[in-house]
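Q: quick check, what structure comes out for this input:
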Amino acid sequence: MANFVVLDPTVDFKGLAKIANLAPKVDDLNGKVLGLLNHHGSAVSGAANGRDPFFETIKSTLEKRYKLKGVVWRTKPNLSRVAPKEMLEEIAAQADVVINGTCS
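A: Down below sits the predicted model:
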């Protein structure tokens with residue numbers, strides 16, 4: 001009989017927050033500035049890739065659901081590199097919450 005391991009993909013968020021020094025959870029987006037950090041950028045020459053349509057959907061959905069104070073949207077200049085420190089500091093200073101898109 002073969003053995004296999006079943007992994008539990010759930011995360012103990014509170015435990016993770018203590019270890020990773022995460023910001024506290026925001027319970028309500030009303031009156032908050034939403035930050036969108038796009039790692040993939042726009043589709044090039046009509047190609048189907050790019051995160052812009054995905055982020056546009058998130059933005060419009062949250063704007064309909066909540067009275068956001070504003071939206072700060074930044075796109076990394078190079079998808080294969082870490083976002084510039086200045087960009088991260090800017091979005092962290094301006095936004096109350098940030099959605100960070102990393103995959104396609």
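Q: C-alpha only now, for contacts and for neighbours.
A: Fine.
Q: run through the neighbouring helices and strands of the longest helix that the chain contains.
A: Longest helix in the chain by number of residues, with DSSP state H as the criterion: helix 52-65. Helix 52-65 sits against strand 33-38, with contacts defined as 3 or more C-alpha pairs under 8 Å, 6 or more residues apart in numbering; DSSP states H and E.
Q: re earlier: now do the longest helix of the chain against strand 33-38, angle only.
A: 170 degrees (axes from the mean of the first three to the mean of the last three C-alpha atoms, to 10 degrees).
Q: which element follows helix 52-65 toward the C-terminus?
A: strand 70-75 (DSSP states H and E).
Q: in that next one, which residues are buried?
A: Of all the residues in strand 70-75, those buried under the rule 16 or more other C-alpha atoms under 10 Å are 71-75.
Q: doesn't L36 make contact with W73?
A: Yes. Using C-alpha atoms under 8 Å, W73 makes contact with L36 at a distance of 4.7 Å.
Q: now do the host helix or strand of L88: which elements does it pack against?
A: Using DSSP H and E, L88 falls within helix 85-94. Here helix 85-94 touches strand 33-38, strand 70-75, going by 3+ C-alpha pairs under 8 Å, 6+ apart.
Q: using CSV, list the CA coordinates for the last one.
A: Coordinates of the C-alpha atoms in strand 70-75 are reproduced here as CSV (Å, rounded to 0.1, in the frame of the first residue of the first chain):
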residue,chain,number,x,y,z
GLY,A,70,-9.3,57.1,-3.5
VAL,A,71,-7.3,54.7,-5.5
VAL,A,72,-3.5,54.6,-6.1
TRP,A,73,-2.5,52.4,-8.9
ARG,A,74,1.2,51.6,-9.7
THR,A,75,2.7,49.2,-12.1
